[in-house]
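> quick check, what structure comes out for this input:
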Amino acid sequence: MTGTTGQPSRRAVLRMAASAPLLLGASAALAVATSAPALAAQAGWRWCERCSGLWYSLNGTRGTCPAGNVFDGGHHSNGSGNYILKTVEDGGRGQGNWRWCGACQGLWYGGNPTLGYCPNRGATGHTPIGPYPTISSYYLIEDVGNRDSPGGQEQWRWCYKCAGMFFDGNTPGGSGRCPKDGLIHAVTGGSYVLRQVP
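Predicted coordinates for the structure are as follows:
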């Protein structure tokens, strides 16, 4: 099955990837098991060096960083890899209900009764949008005990104060800047795993 451009559809690519170990033997299973998420996933996510949060960088804006910025208040991606997030539709293992905030451009957990605390909208909370192309989609984030394959970067955490995703690997237990109180993010729960574009 092909899309309108003559290229294989997203579903066809995922089916081919899933069947590759059966067609190519055990060595191919190892290669597939350690590969990055499907190409249908969304790249362009970056780590902000100022707040330690994860934000989407390909939307024509740098969003709103809780650590502030002298120019436009946006996030900074210096030193960041290009992270790729899979959607629930992509399948696999991980925790659903992760959302992209249209106001601050950050990733936040939407599985609780509140909308968290957004650096752009304050206590009103995050504005759920996307991922593309439908608003009903959610991101599926792997964690150290529930991942598709080995590899990836660990020590990504959920902040229970703002509901955002942040990296806690540089200064464990003392990372970033939470928009709710201007202090460090509050570490809770397990360690999430993010993968980068090769």
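> my guess is residue 110 contacts residue 100, does it?
No. Taking Cβ atoms under 8 Å as the definition, residue 110 is not a contact partner of residue 100, at 9.6 Å. Yep, even glycine has a C-beta here, placed from its N, CA and C like the rest.
> list residues touching both of the two?
Common contacts of residue 110 and residue 100, defined by Cβ atoms under 8 Å, 6 or more residues apart in numbering, comprise residue 128.
> which of these two has more residues huddled nearby?
More neighbours sit around residue 100 than around the other of residue 110 and residue 100, counting by other Cβ atoms under 10 Å; the figures are 28 against 20.
> what bridges to the more buried one?
In this structure, residue 100 has the following beta-bridge partners (DSSP bridges): residue 107, residue 129.
> for residue 54, same thing?
Beta-bridge partners for residue 54, by DSSP bridges, are residue 47.
> quick check: it touching residue 47?
Yes. Contact status for residue 54 versus residue 47: in contact at 6.2 Å, counting by Cβ under 8 Å.
> okay, and the common contacts of these two?
Counting by Cβ under 8 Å, 6+ apart, the shared contacts of residue 54 and residue 47 are 83, 167.
> in three-state terms, label residue 151 for me.
Secondary structure of residue 151, reduced to three states by DSSP: H, G, I helix; E, B strand; the rest coil: coil.
> burial check on it, number of neighbours?
14.
> one more: residue 115?
Here the neighbour count serves as a burial measure; for residue 115 (other Cβ under 10 Å) it reads 18.
> the one 10 residues further on now?
Here the neighbour count serves as a burial measure; for residue 125 (other Cβ under 10 Å) it reads 18.
> leaving out sequence neighbours, find the closest residue to it.
Distance criterion Cβ to Cβ, 6 or more residues apart in numbering; nearest residue to residue 125, sequence neighbours excluded, is residue 115 at 2.5 Å.
> which residues touch residue 128?
Residue 128 is in contact with 99, 100, 101, 102, 110, 115, 135, counting by Cβ under 8 Å, 6+ apart.
> so of the residues you listed, which two are at opposite extremes in space?
Greatest spacing in those, by Cβ to Cβ: 115 and 135 (14.5 Å).
> show the pLDDT at residue 59.
Residue 59 is assigned a pLDDT of 87 by the prediction.
> would you map the strands across the chain?
Applying DSSP state E to the chain gives strands spanning 42-47, 54-56, 83-87, 95-101, 107-109, 128-129, 139-143, 153-159, 165-167, 187-196.
> so which of those is nearest residue 71?
With respect to residue 71, and counting by Cβ to Cβ, the nearest of the strands of the chain is strand 54-56 at 16.0 Å.
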